[in-house]
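Chemist: Return atomic coordinates for the entry below.
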Amino acid sequence: MIPLDLQFLSVFSGAILMREIALFVEDYAHRLVIGTLLQRLSDEASVRVNLNWRSAVGGHSKVVGKFRDYLQDLDREGGLPDLIVVATDANCYGLNDRSRQILETAMSVPDVEDILIMAIPDPHVERWLLLDGEAFNTVFGRGCDAPDLKCNRDEYKRRLSHAIRKTGVTPSLGGIEFAEDVMQNMNIQRAMQADRSLERFVRDVRQAFNRLGV
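Modeler: This next block holds a predicted model:
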């Protein structure tokens with residue numbers, strides 16, 4: 001039998017190693033894609049994480065508004081999480097424009113910029129699901145065409161649904177219900193080479209997890 005003092009130390013150590021991540025996302029698609037990526041990358045870095053979803057619907061303006069409200073509460077009450085992830089589609093406005101808006105909001109509270117990670121799929125998160133044809137083939141039994149870069153509204157939602165239907169599967173939610181399966185099977189390094197916005201997010205998360213794992 002393990003002595004009680006060692007049991008306590010084990011439980012206490014496990015609690016210390018659990019890292020808290022507050023997440024603000026536009027919608028259910030972001031929650032599935034970003035959440036799966038974070039879990040994969042945390043496992044890769046041997047960092048235990050608790051994903052605290054603060055927002056999951058409402059589009060870009062609602063995400064920034066919820067993030068601002070959250071920071072006001074932090075400023076009054078203190079107690080920063082280990083990381084804050086803000087996810088919003090570039091939606092043809094561009095990575096730099098979206099990044100600037102989020103950073104300007106973050107700078108209202110000291111030290112938040114140091115723990116902030118931005119996930120800004122360009123132009124839409126559905127494009128990330130089409131980056132690795134082999135992952136698509138693993139999930140559906142048939143690959144998908146490599147996506148080009150277009151800014152038409154809902155372009156990649158249509159492409160994702162179409163690519164899945166070509167495999168003989170009828171998506172009930174436009175295909176986003178398969179996001180976790182695709183992301184779990186994705187070759188992350190290969191996908192990063194095909195999409196600058198994904199490359200930036202994965203790079204920033206890996207750097208943050210390396211710091212937290214020390």
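Chemist: mind checking the backbone torsions on the most centrally placed residue in the chain?
Modeler: Central residue of the chain (C-alpha atoms, centre = their mean): residue 34, 2.2 Å from the mean position. Note on residue 34: backbone dihedrals following degrees, to the nearest 10 are phi -70, psi -40.
Chemist: and the gap between residue 138 and residue 78?
Modeler: Residue 138 sits 45 Å away from residue 78, going by C-beta to C-beta, to the nearest Å. To be clear about C-beta, it is placed using only N, CA and C from the backbone, and glycine gets the same treatment.
Chemist: out of these two, which sits in the busier spot?
Modeler: A direct count of neighbours by other C-beta atoms under 10 Å for residue 138 and residue 78 places residue 138 higher, at 15 against 8.
Chemist: Near the residue lying closest to that one once chain neighbours are set aside, how many other residues are there?
Modeler: In this structure, residue 138 finds its nearest non-sequential neighbour in residue 185, 4.5 Å apart by C-beta to C-beta, 6 or more residues apart in numbering. Residue 185 has 14 neighbours, counted by other C-beta under 10 Å.
Chemist: Touching, residue 185 and residue 140? I think so.
Modeler: No. Applying C-beta atoms under 8 Å, one finds residue 185 not in contact with residue 140, separated by 10.4 Å.
Chemist: now residue 145, what's its secondary structure?
Modeler: coil (DSSP: H, G, I helix; E, B strand; the rest coil).
Chemist: Just the pLDDT for the spatially closest residue to it that is not a sequence neighbour.
Modeler: Setting aside the residues directly before and after it, residue 145 is nearest to residue 163 in space (C-beta to C-beta, 6+ apart), at 7.1 Å. At residue 163, the predicted lDDT confidence score is 97.
Chemist: what's the answer for the one 3 residues further on, then?
Modeler: With respect to pLDDT, residue 166 scores 96.
Chemist: Could you verify my assumption that it touches residue 142?
Modeler: Yes. Between residue 166 and residue 142 there is a contact at 6.8 Å, judged by C-beta under 8 Å.
Chemist: Could you pull out the helices in this structure for me?
Modeler: Here the chain has its helices, by DSSP state H, at 4-17, 28-45, 59-77, 95-106, 112-115, 125-128, 133-140, 155-165, 179-185, 188-194, 196-212.
Chemist: Now render these as TSV, adding distance to residue 171.
Modeler: TSV is the format used below for the helices of the chain (distance: least, C-beta to C-beta, whole Å):
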stretch	distance to residue 171
helix 4-17	38
helix 28-45	12
helix 59-77	22
helix 95-106	27
helix 112-115	36
helix 125-128	12
helix 133-140	10
helix 155-165	5
helix 179-185	11
helix 188-194	21
helix 196-212	22
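Chemist: Return the most buried member of these.
Modeler: Across the helices of the chain, averaging neighbours per residue (mean count of other C-beta atoms under 10 Å) puts helix 125-128 on top, at a mean of 27.
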